[in-house]
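K.L.:
Got a predicted model here, sequence first, then my questions.
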2 protein chains.
Amino acid sequence: MSIHLSTPEDYKALLDKFETWIFDCDGVLWRGDELIDGVVEVLHILRCLKKQVVFVTNNATKSRKSYKTKFDQLGIEAHVDEIFGSAYASAVYLSSVIKLPKTKKVYVIGMGGLEEELRDEGISYLGGTNPADNTLEPFSLANFTLDPDVAAVVCGLDTQINYTKLSKAFQYLSRNPGCHFIATNEDSTYPSADGLLPGAGSISAPLRCAAGRDPICTGKPSNTMLDCVKAKINFDAERTIMIGDRLNTDILFGQNGGLSTLLVLTGITEEADITGPYASPIVPDFVTQALGDFRAVDKVKAP
Amino acid sequence: MSIHLSTPEDYKALLDKFETWIFDCDGVLWRGDELIDGVVEVLHILRCLKKQVVFVTNNATKSRKSYKTKFDQLGIEAHVDEIFGSAYASAVYLSSVIKLPKTKKVYVIGMGGLEEELRDEGISYLGGTNPADNTLEPFSLANFTLDPDVAAVVCGLDTQINYTKLSKAFQYLSRNPGCHFIATNEDSTYPSADGLLPGAGSISAPLRCAAGRDPICTGKPSNTMLDCVKAKINFDAERTIMIGDRLNTDILFGQNGGLSTLLVLTGITEEADITGPYASPIVPDFVTQALGDFRAVDKVKAP
């Protein structure tokens, strides 16, 4: 059973209890390009209290560096080393977990942000934003040469998805022995400023279907993402809280990592999803309407 | 346990037993654009014996009329009213099962053949081969107007698949109440002349993922396809045999319809798929290497 936060004392108690605050971004801090009310003030309160702040996003279309500019544009204080994205997690998974040899390559379905993170980890890649693969021209295997050095397919949200990319990725998955299959994240939809659109999970779905296998997902709720955070930031799971708007990514991610969890209702999850007979089996520790609710701590009466 | 045909008498017995012969095409009659050895002769034998011949294909990129030209080019005798495709089955499902009102429309992910079958059934449609939707330009909901008359999304193999089409189809599935979701077929791969490519099942996979629902499939192994055949052709299931190369489409289709089944090994299924510890639970009644094996009947000794 979740605790619904409501009084100034409720919010104050959480601020006292947790030292590290890990935030999902879309649906918590902003919706599309629109800042959610009260976010800047609450993050300011956290920083004044010397809390450790971490941002964890499944958005794999942007690198951490370009994600930083989104924070800047919306007037939210953030630093690149506080930001962890699923594209970064995929790149780290390839370089540090699989330890892909330098002679090997990755075939990319994804956008510039994923490519940037791969480059930063020293990983060679094909596909991605290469104009030759961003085409609606007919694809024929007669004109395709399988590169035997492609040892992994990495798939993220790609709004340039097309049959050539899908066909090439499928060839590598089905014909290069031992080819790894990695997805940045499994989100079925993506919250654009004007509504939901197909997400990264929908972009990797054709490959899951054609190749008959499921990818390793490095984004939330996978522990791979938390391993990336742990590699860079020291935190005590007992005193860390994960704040998000999605039960099956953010809240599950926190639970998988042994963190406390807080659900906000400014994104994808509605009250009806967590109460009543059809409630999700994923139950957050705490629930509040919006992150901005923490502004109530200013009203805590002096003891 | 399947009966493996081998002697001239085996083939003669099947010719004596079955009056209606339903054939899958790709992998049975041809591979890509290449005729399989002996096919023309065996179909000639069947026609000389006054057998009823039916062709059933999950290929939804071609209409029955344009499929006929493929038979012509390969020198195989066939008539349009003997050919049943999954695009035709989808169109018939919309017009005759759902009985889509004339004021309603369908959003199409698919190619010219699917559009032609819809037109022939008097169904209005959006998307498909419309150049406005065959683009890799960015898609934004801000520039999209939901058409309230779209009452179904129909999805077939579409080598022009892109984010605009997927996003529009997803809007109709998720925002137009009661919107039907129909897939021509679920084949995960498609056997091109030079090897396997992602099939129609892979093209509908993003929509299944994003919308969180499964389509009604009208192609094999669905009974909808057999209902279309029944509506046009009289046959006795007891004296009908389905010949195909895929266990989970062709052979299952025959079994679902109460027909006898014959697997040929000139397509997707290999001997190892039907024998040994990892054999499929779908067991055809008969197995032979190739359709051309029926030429052996010429060697049956006179009694």
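P.N.:
Great, that's in hand.
K.L.:
burial measure for A:N134, as a count.
P.N.:
For A:N134, the tally of surrounding residues (other Cβ atoms under 10 Å in any protein chain shown) stands at 16. Where C-beta positions appear, they are placed from N, C-alpha and C, glycine not excepted.
K.L.:
doesn't A:N162 make contact with it?
P.N.:
Yes - using Cβ atoms under 8 Å, A:N134 is in contact with A:N162, at 6.9 Å.
K.L.:
Now the common contact residues for these two.
P.N.:
Both A:N134 and A:N162 are in contact with B:L136, where contact means Cβ atoms under 8 Å, 6 or more residues apart in numbering or on different chains.
K.L.:
how close does the most centrally placed residue in chain A sit to chain B?
P.N.:
With distances taken as Cα atoms, centre = their mean, the residue of chain A nearest its centroid is A:N58 (1.3 Å). The spacing between A:N58 and chain B, counted by Cβ to the nearest Cβ, to the nearest Å, is 15 Å.
K.L.:
Specify the local secondary structure of A:L157.
P.N.:
Using DSSP: H, G, I helix; E, B strand; the rest coil, the structure places A:L157 in coil.
K.L.:
For it, give me the pLDDT.
P.N.:
What the model reports for A:L157 is a pLDDT of 96.
K.L.:
In chain A, what helix or strand scores lowest on average pLDDT?
P.N.:
strand A:189-192 (a mean of 86; mean pLDDT, DSSP states H and E).
K.L.:
partners of it, with directions?
P.N.:
Applying DSSP bridges, strand A:189-192 is found paired with strand A:195-198 (antiparallel).
K.L.:
for chain B, what are the nearby residues on the stretch 1-150 of chain A?
P.N.:
Residues of the stretch 1-150 of chain A lying close to chain B (Cβ under 8 Å from any Cβ of the partner chain) are A:N134, A:T135, A:L136, A:P138, A:F139, A:S140, A:L141, A:A142.
K.L.:
Could I have the PyMOL command that selects the buried members from the residues you listed?
P.N.:
Here is the PyMOL selection string for the buried members of the residues of the stretch 1-150 of chain A next to chain B, based on 16 or more other Cβ atoms under 10 Å in any protein chain shown:
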select buried, chain A and resi 134+136+139+141
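K.L.:
which among the residues of the stretch 1-150 of chain A next to chain B gets closest to chain B?
P.N.:
Nearest to chain B, judged by Cβ to the nearest Cβ, of the residues of the stretch 1-150 of chain A next to chain B is A:L141 at 3.6 Å.
K.L.:
Now do the buried residues in stretch A:273-284.
P.N.:
By neighbour count with 16+ other Cβ under 10 Å, stretch A:273-284 contains the buried residues A:D273, A:I274, A:I282, A:P284.
K.L.:
what do you get for stretch A:230-245?
P.N.:
Within stretch A:230-245, the residues scored as buried using 16+ other Cβ under 10 Å are A:F235, A:T240, A:I241, A:M242, A:I243, A:G244, A:D245.
K.L.:
Rebuild the residues you listed as a markdown table, extending it with distance to A:D33.
P.N.:
Listed next are the buried residues of stretch A:230-245 as a markdown table, based on distance: Cβ to Cβ, whole Å:
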| residue | distance to A:D33 |
| --- | --- |
| A:F235 | 30 |
| A:T240 | 29 |
| A:I241 | 27 |
| A:M242 | 24 |
| A:I243 | 20 |
| A:G244 | 19 |
| A:D245 | 16 |
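K.L.:
Looking at those residues, spot the one nearest chain B.
P.N.:
Looking at the buried residues of stretch A:230-245 and their distance to chain B, the nearest is A:D245, at 17.4 Å (Cβ to the nearest Cβ).
K.L.:
any idea how far B:T249 is from that closest one?
P.N.:
For A:D245, the distance to B:T249 equals 41 Å [Cβ to Cβ, to the nearest Å].
K.L.:
now swap in A:F181 and tell me
P.N.:
Plainly put, A:F181 is 25 Å away from B:T249 if you go by Cβ to Cβ.
K.L.:
In a strand, A:G178, correct?
P.N.:
No - A:G178: not assigned to a strand; according to three-state DSSP it is coil.
K.L.:
residues in contact with it?
P.N.:
Contact analysis of A:G178 by Cβ under 8 Å, 6+ apart lists A:A151.
K.L.:
Phi, psi for it please.
P.N.:
Note on A:G178: backbone dihedrals following degrees, to the nearest 10 are phi 80, psi 10.
K.L.:
wait, does stretch A:249-264 make contact with chain B?
P.N.:
No - using Cβ under 8 Å from any Cβ, stretch A:249-264 never reaches chain B; the gap is at least 14.2 Å.
K.L.:
Go ahead and name everything in contact with that stretch.
P.N.:
Contact with stretch A:249-264 is made by A:2, A:5, A:14, A:18, A:22, A:24, A:27-28, A:56, A:58, A:185-187, A:219-223, A:225-226, A:237, A:240-245, A:247, A:269, A:274, A:282, A:284-291, as judged by Cβ under 8 Å, 6+ apart.
K.L.:
Looking at these, which are in helices?
P.N.:
A:L14, A:N223, A:M225, A:L226, A:I274 (DSSP state H).
K.L.:
Return the residues in contact with the fourth one.
P.N.:
It refers to A:L226. Counted by Cβ under 8 Å, 6+ apart, A:L226 has contacts A:F253, A:N256, A:G257.
K.L.:
tell me the secondary structure for the first one?
P.N.:
Reduced to three states with three-state DSSP, the structure at A:F253 is helix.
K.L.:
How much space separates it from A:G156?
P.N.:
Relative to A:G156, A:F253 is positioned 17 Å away (Cβ to Cβ).
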